[in-house]
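Peer 1: got a sequence here, can you build the structure:
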Amino acid sequence: QVQLVQSGGGSVQTGDSLRLSCAASGRTFSGHSMGWFRQAPGKERDFVAAISWSGRVDSADSVKGRFTISRNSAKTTVYLQMDSLKPDDTAIYYCAVGPRIIATRRAEYWGQGAQVTVSS
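Peer 2: Model (predicted):
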């Protein structure tokens, strides 16, 4: 059984930082990408950032220069370092695993979600 267990999130003020983590278990994800999506109230789930199996990274224009995606050497845990947070970053953040997240902006497996709230 595949499990993506997230940690992190919370309520912060504009300009603050947060770090999200997501640990994958239950199968071997060889060749898969890991990434992050977010869903704001009343909106669709959007791509935030991803890292491919080879280490290539990509992120949405709205977070470039502020959010950094990384993972551990075992390629089982993915992180999202979020700096200079803005109220527009308020959303539920989901980690994801899939074969080609950067190219398709889609994922196969999802974490449970974590609320991030940024107040002005």
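Peer 1: hey, let's count contacts and neighbours off CA atoms from now on
Peer 2: OK.
Peer 1: show me the shaky parts of this structure.
Peer 2: Of all residues in the chain, none has pLDDT under 70.
Peer 1: now with 90?
Peer 2: 1-2, 26-30 (pLDDT under 90).
Peer 1: now the helices: where do they sit in it?
Peer 2: Secondary structure of the chain (DSSP state H): helices located at 101-104.
Peer 1: Ser59: how many residues sit nearby?
Peer 2: Counted with other C-alpha atoms under 10 Å, the neighbours of Ser59 add up to 19.
Peer 1: please disregard the earlier target; I meant Leu4.
Peer 2: Counted with other C-alpha under 10 Å, residues neighbouring Leu4 total 22.
Peer 1: kindly report the same for Phe37.
Peer 2: 22.
Peer 1: leaving out the residues flanking it, which one is nearest to it?
Peer 2: Leaving aside its chain neighbours, Phe37 sits nearest to Phe47 (4.4 Å; criterion: C-alpha to C-alpha, 6 or more residues apart in numbering).
Peer 1: contact partners for the one you found?
Peer 2: 36-38, 59-60, 105 (C-alpha atoms under 8 Å, 6 or more residues apart in numbering).
Peer 1: and Val63, by the same measure?
Peer 2: Applying C-alpha under 8 Å, 6+ apart, the residues near Val63 are Val48.
Peer 1: mind checking how far it is from Ala23?
Peer 2: 22 Å (C-alpha to C-alpha, to the nearest Å).
Peer 1: all strands for the chain, in order.
Peer 2: Listed in chain order, the strands of the chain (DSSP state E) span residues 3-7, 10-13, 18-25, 33-39, 45-51, 57-59, 67-71, 77-82, 91-98, 109-110, 114-119.
Peer 1: residue contacts, the most centrally placed residue in the chain?
Peer 2: Nearest to the mean C-alpha position of the chain, counting by C-alpha atoms, centre = their mean, stands Trp36 at 2.2 Å. For Trp36, the contact set (C-alpha under 8 Å, 6+ apart) comprises 47-50, 80, 93-96.
Peer 1: nearest to Gly113, of those residues?
Peer 2: Relative to Gly113, the closest of those is Tyr94; by C-alpha to C-alpha it sits at 4.5 Å.
Peer 1: how far away is the nearest residue to that closest one once chain neighbours are set aside from Gln13?
Peer 2: Leaving aside its chain neighbours, Tyr94 sits nearest to Gly113 (4.5 Å; criterion: C-alpha to C-alpha, 6+ apart). Taking C-alpha to C-alpha as the measure, Gly113 falls 20 Å from Gln13.
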